[in-house]
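Enquirer: Give me a 3D structure for the following:
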Amino acid sequence: MEPAQEPPIEQGRQPGEQTAIRRLLYALIGVLSIAAVALLAVLVWLVRPQPTSTVVAVEGCPMEISRSIYGFGAKPTDLLDQPLAVTFDGAGNVWISDTGNSRVVEFGPDGKLIRFVGDDSDTGRLHSPYGLSFSSDFQRLYVADWTRREVVVYSADGRYIESLPAADQGLAVFGPDGFSPYDVHVVGSQIVVASNDGLYFFDKSGHVVDRWGGELRGSEVGSFAFPNGVAIDPATGNLYVADTLNRRVVALDGEGNVLWASGKRDEEGKIVGFWQLPRSVVVGPDGLVYVTDTFRAQDRCAGVGHIVVLKPTGELVSEFGAAGTSEDSFSFPEKMAMGPDGTFGIADRENNRVVLFSVDPLPPADPDEVSLYEESFVRFGP
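Expert: Now for the predicted structure:
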């Protein structure tokens, strides 16, 4: 007779002991999992590109980087998450649409955190903040929130004031797609908002007083398809629109007449014109028009690039800004702004940072780029 097999350890234990051991193992696995996640977060923080507070210049490239803002601390929630827009107040403070974290964050010129906006109340809570604009006196901050479907207005110290459109505004004016604000620009009493099918002009009471665009989204000149950027030239009253899904940039006078259009839609699903995906436009103090083209990814930092500079009359002047993750390059750049001292800020979305830089002089555009640009440029007015 063979000797009885020694029972496995688990079989020799009482049910209560087995349960206790299993619970202990599960708890240990849980603790180790949490520790692994925490370690991974620390490693991500340690290997991230480091913020810079000194000027970075790369030989042959036109940009001088004065600062890159990644966040304000070591925790993952302290880091910017897919920032989509940036603007400056009169003191040079930097305001960022930290869209992945559903908030706006204010930093000082030295890169230090000042405050959060839009994360602490029901009425003023942000969902998907995008375009930013201050009133001319810098006393009001306007935030375009496309999933909240409102432009949310805050005081200069971050307190919620109101939302646009006004509560008694009829919604039929916004068409079948409704109101989805992507950008907002305020000059004097003029409040213009880029929504999915055109431009909406609000008075200070939050009511729509004018609308530019077709009845529906469209490709004909005068209509728009998800325009993501709008800027007003305070010197002339002209408006410039990044008509994103039409792959073009359009200039209009103060009455809504089209002055010129640059770019054309895709053919058979292919991008065929100069513009790839223009998403932001800003007018500099020099009167030049600076456009961010998110998909215009190049490995050269001058002559071609993500940032395209135009004359007010539409001629191509300059291109710069390579694609990449280094300090002087961009990955899916979004909105751009200009500070009171002439410093540019750009929301470098997939690099999860905002880059502050200057460019002097502007590099000339590549001749081949100029030829491609001119192929799809049409002038309508003076």
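Enquirer: Helices of the protein, start to end?
Expert: For the chain, the helices defined by DSSP state H cover 15-47, 367-375.
Enquirer: Can you give me the buried ones in the shortest one?
Expert: It refers to helix 367-375. 369, 372-373 (16 or more other C-beta atoms under 10 Å). All C-beta atoms are positioned from the backbone trio N, CA, C, and that covers glycine.
Enquirer: about what we covered before: check the helices of the chain for me: which has the lowest mean pLDDT.
Expert: Ranked by mean pLDDT, the helices of the chain bottom out at helix 15-47, with a mean of 58.
Enquirer: on that earlier part again, for the buried residues of helix 367-375, give me TSV that also has distance to S136.
Expert: Formatted as TSV, the buried residues of helix 367-375 follow (distance: C-beta to C-beta, whole Å):
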residue	distance to S136
E369	35
L372	37
Y373	33
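Enquirer: pull the longest strand from this protein.
Expert: strand 302-310 (DSSP state E).
Enquirer: Listing partners with orientation, what would you give for that strand?
Expert: Partners of strand 302-310 in the sheet, by DSSP bridges, are strand 289-293 (antiparallel), strand 316-320 (antiparallel).
Enquirer: who wins for proximity to V143 among those strands?
Expert: Nearest of those to V143, taken as C-beta to C-beta: strand 289-293 at 18.8 Å.
Enquirer: for that closest one, the distance to its chain's centre please.
Expert: 13 Å (C-alpha atoms, centre = their mean, to the nearest Å).
Enquirer: Can I get that strand as CSV, trimmed to CA atoms?
Expert: The C-alpha coordinates for strand 289-293 follow below in CSV (Å, rounded to 0.1, in the frame of the first residue of the first chain):
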residue,chain,number,x,y,z
VAL,A,289,-1.3,88.0,-39.1
TYR,A,290,0.1,85.0,-37.3
VAL,A,291,-1.6,81.6,-38.0
THR,A,292,-1.0,78.3,-36.3
ASP,A,293,-1.4,75.3,-38.6
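Enquirer: what sits up against that strand?
Expert: Here strand 289-293 makes contact (C-beta atoms under 8 Å, 6 or more residues apart in numbering) with 229, 231, 240, 242, 249, 251, 275-284, 306-312, 333-336, 338, 344, 346.
Enquirer: Give me the PyMOL select line for these, limited to the buried ones.
Expert: In PyMOL syntax, the buried subset of the contacts of strand 289-293 is picked out as below (16+ other C-beta under 10 Å):
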select buried, resi 229+231+240+242+249+251+275+277+278+279+280+281+282+283+306+307+308+309+310+312+333+334+335+336+338+344+346
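Enquirer: Among the contacts of strand 289-293, which are located in strands?
Expert: Going by DSSP E, the strands hold 229, 231, 240, 242, 249, 251, 278-283, 306-310, 333-336, 338, 344, 346 from the contacts of strand 289-293.
Enquirer: Quick check: the closest residue to L141 other than its chain neighbours vs S133, distance?
Expert: Distance criterion C-beta to C-beta, 6 or more residues apart in numbering; nearest residue to L141, sequence neighbours excluded, is Y154 at 4.7 Å. For Y154, the distance to S133 equals 12 Å [C-beta to C-beta, to the nearest Å].
Enquirer: who touches both of those two?
Expert: Common neighbours of Y154 and S133 (C-beta under 8 Å, 6+ apart) are L141.
Enquirer: what about P285, neighbour count?
Expert: By other C-beta atoms under 10 Å, the residues close to P285 number 10.
Enquirer: That one is in contact with M338, isn't it?
Expert: Yes. P285 is within contact range of M338, at 7.2 Å (criterion: C-beta atoms under 8 Å).
Enquirer: where does the stretch 51-200 of the chain dip in pLDDT?
Expert: Low-confidence segments of the stretch 51-200 of the chain, defined by pLDDT under 70: 51-60.
Enquirer: thought the residue nearest to L141 was touching R140?
Expert: Yes. Counting by C-beta under 8 Å, Y154 touches R140, with 7.1 Å between them.
Enquirer: which of Y154 and S133 has more neighbours?
Expert: More crowded of Y154 and S133, by other C-beta under 10 Å: S133, with 26 against 20.
Enquirer: rewinding a little: of the strands paired with strand 302-310, which approaches D119 most closely?
Expert: Ranking the strands paired with strand 302-310 by distance to D119, with C-beta to C-beta as the measure, places strand 289-293 first at 26.2 Å.
Enquirer: and stretch 225-241, which residues are buried?
Expert: In stretch 225-241, counting by 16+ other C-beta under 10 Å, buried: 225-233, 238-241.
Enquirer: what's the answer for stretch 134-151, then?
Expert: 134-135, 140-146, 148-151.
Enquirer: mind saving the C-alpha coords of it as CSV?
Expert: Only the C-alpha atoms of stretch 134-151 are listed here, as CSV (Å, rounded to 0.1, in the frame of the first residue of the first chain):
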residue,chain,number,x,y,z
PHE,A,134,-9.5,89.6,-22.1
SER,A,135,-11.7,92.7,-22.4
SER,A,136,-9.8,95.8,-23.5
ASP,A,137,-9.4,97.0,-19.9
PHE,A,138,-8.3,93.5,-18.7
GLN,A,139,-11.1,93.4,-16.1
ARG,A,140,-13.0,90.5,-17.7
LEU,A,141,-11.7,87.2,-19.0
TYR,A,142,-13.9,85.5,-21.6
VAL,A,143,-13.5,81.7,-21.9
ALA,A,144,-15.0,79.8,-24.9
ASP,A,145,-16.2,76.4,-23.6
TRP,A,146,-17.4,74.2,-26.5
THR,A,147,-18.9,71.3,-24.5
ARG,A,148,-20.6,73.6,-22.0
ARG,A,149,-21.8,75.5,-25.1
GLU,A,150,-21.2,78.9,-23.5
VAL,A,151,-18.7,81.6,-23.2
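Enquirer: got a list of contacts for it?
Expert: Residues outside stretch 134-151 that contact it (C-beta under 8 Å, 6+ apart) are 87, 89-90, 95, 97, 104, 117-118, 126-133, 152-156, 158, 161, 163-165, 178-184, 186-188, 191, 193-194, 202.
Enquirer: mind listing which of those residues are in strands?
Expert: In this view, these that belong to strands under DSSP E are 87, 95, 97, 104, 117, 129-133, 152-155, 161, 163-164, 183-184, 186-187, 191, 193-194, 202.
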